[in-house]
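>>> no sequence on this one, just coordinates:
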Ligand code: DGL
């Protein structure tokens, strides 16, 4: 069982930002990554549809023998993790906008959250945000239009820069000192985001925290791969293989 791979899925290439942190922290683990790019963006879909897609990805990863699944997508986590944990007997690690650390370190008492509509409108996000709204001004912003551009590999295209300016500049008026990236696609935009928000606003993305949590859960369940042989990383996509290869530097990518 311990040699079995860790499974990850996302609506596309975004979750590779999590995959990179996981393979850095756990260099001997085998992994399987599903990029459901054909169905991106998840963030514009109703919750039932997101749950149905998460089920499909989960079953594919389980059929390939995964020992643990990382839902490398905030939208799928916030909409589907409760359902998945209830119905499948395998550990799940999820990712959701990191309000807690931003709240802990904020000095201005205002933080920004850039996430998909599907995440911001989910019950799980609403519940977490509610815990902090009494002491914190949370400026929520949907990142509509960003994911399709990132999926097309246009990381610094004028359209991206224009959208980021529209979404982020108003947040600065609220004197935010932290910006939470609530979508695993967005870390790829950090260079452009920094140009807009400057150095006084800290960017919080949870990739490293997810990797740490994965290690802890594997450890707790005696699932860590103790072999120190070179691991195998398999990538599957129902979208553009060339772009996925560019984001992962892995050239063996299979269509599904
Ligand atoms: N990468 C995703 C997330 O973290 C999904 C974005 C989308 O497909 O809309 O939310």
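Thanks, I have the structure now. Because the structure is predicted, anything quoted here is derived from the model rather than measured.
>>> which residues touch residue 105?
Listed by CB atoms under 8 Å, 6 or more residues apart in numbering, the contact partners of residue 105 are 178, 202. Every residue, glycine included, has its C-beta placed from N, CA and C.
>>> how close does it get to residue 199?
From residue 105 across to residue 199, the span is 15 Å (CB to CB, to the nearest Å).
>>> try residue 44
32 Å.
>>> more neighbours: which of those two?
Using other CB atoms under 10 Å, the more surrounded residue of residue 44 and residue 199 is residue 44, with 17 against 6.
>>> for the more buried one, what are its contacts?
116-118, 144.
>>> please apply the same query to residue 41.
11, 75, 116, 147-148, 151 are the contacts of residue 41 under CB under 8 Å, 6+ apart.
>>> distance of it relative to the ligand?
The gap separating residue 41 from the ligand is 3 Å, by CB to the nearest ligand atom, to the nearest Å.
>>> just residue 159 next, same as before
Separation of residue 159 from the ligand (CB to the nearest ligand atom) stands at 16 Å.
>>> for that residue, which non-adjacent residue is closest in space?
In this structure, residue 159 finds its nearest non-sequential neighbour in residue 149, 5.9 Å apart by CB to CB, 6 or more residues apart in numbering.
>>> isn't that neighbour right next to residue 158, touching?
No - contact criterion CB atoms under 8 Å: residue 149 and residue 158 do not qualify, at 10.3 Å.
>>> follow-up on the earlier one: show me the contacts of residue 41 that map onto helices.
When these are checked against helices (DSSP state H), the matches are 75, 147-148, 151.
>>> distance of the nearest residue to residue 153 once chain neighbours are set aside from residue 24?
Using CB to CB, 6+ apart and skipping residues adjacent in sequence, the residue nearest residue 153 is residue 243, 4.8 Å away. Separation of residue 243 from residue 24 (CB to CB): 22 Å.
>>> next: residue 11.
23 Å.
>>> ok, back up a step: out of the contacts of residue 44, which comes closest to residue 178?
residue 116 (18.9 Å; CB to CB).
>>> wait, what's in contact with the spatially closest residue to that closest one that is not a sequence neighbour?
Excluding its sequence neighbours, the residue lying closest to residue 116 (CB to CB, 6+ apart) is residue 43, at 2.5 Å. Contacts for residue 43 (CB under 8 Å, 6+ apart) come out as 11, 75, 115-119, 142-144, 147, 183.
>>> what do you get for residue 11?
35-37, 39-43, 53, 73, 75-76, 147.
>>> do that again at 10 Å, thanks
By CB atoms under 10 Å, 6 or more residues apart in numbering, the residues touching residue 11 are 34-43, 45, 50, 53-54, 57, 72-73, 75-76, 116, 118, 147, 151, 183-185, 239.
>>> just the ones of those in helices?
Residues of the contacts of residue 11 located in helices (DSSP H): 50, 53-54, 57, 75-76, 118, 147, 151.
>>> quick one: which two of these are the most distant?
54 and 151 (18.2 Å).
>>> who's more crowded, those two?
More crowded of residue 54 and residue 151, by other CB under 10 Å: residue 54, with 26 against 21.
>>> state the distance from the more buried one to the ligand.
Residue 54 is 11 Å from the ligand, by CB to the nearest ligand atom.
>>> that residue and residue 118 touch, don't they?
No - the criterion here is CB atoms under 10 Å, and residue 54 misses it with residue 118 at 11.2 Å.
>>> need the overlap of contacts for these two.
In contact with both residue 54 and residue 118: 11, 42, 73, 75-76, 79, using CB under 10 Å, 6+ apart.
>>> pLDDT added to those residues, as a markdown table?
Formatted as a markdown table, these follow (pLDDT from 0 to 100):
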| residue | pLDDT |
| --- | --- |
| 11 | 98 |
| 42 | 98 |
| 73 | 98 |
| 75 | 98 |
| 76 | 98 |
| 79 | 98 |
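>>> just among those residues, which is most surrounded?
Highest neighbour count within the shared contacts of residue 54 and residue 118: residue 75, with 37 neighbours (other CB under 10 Å).
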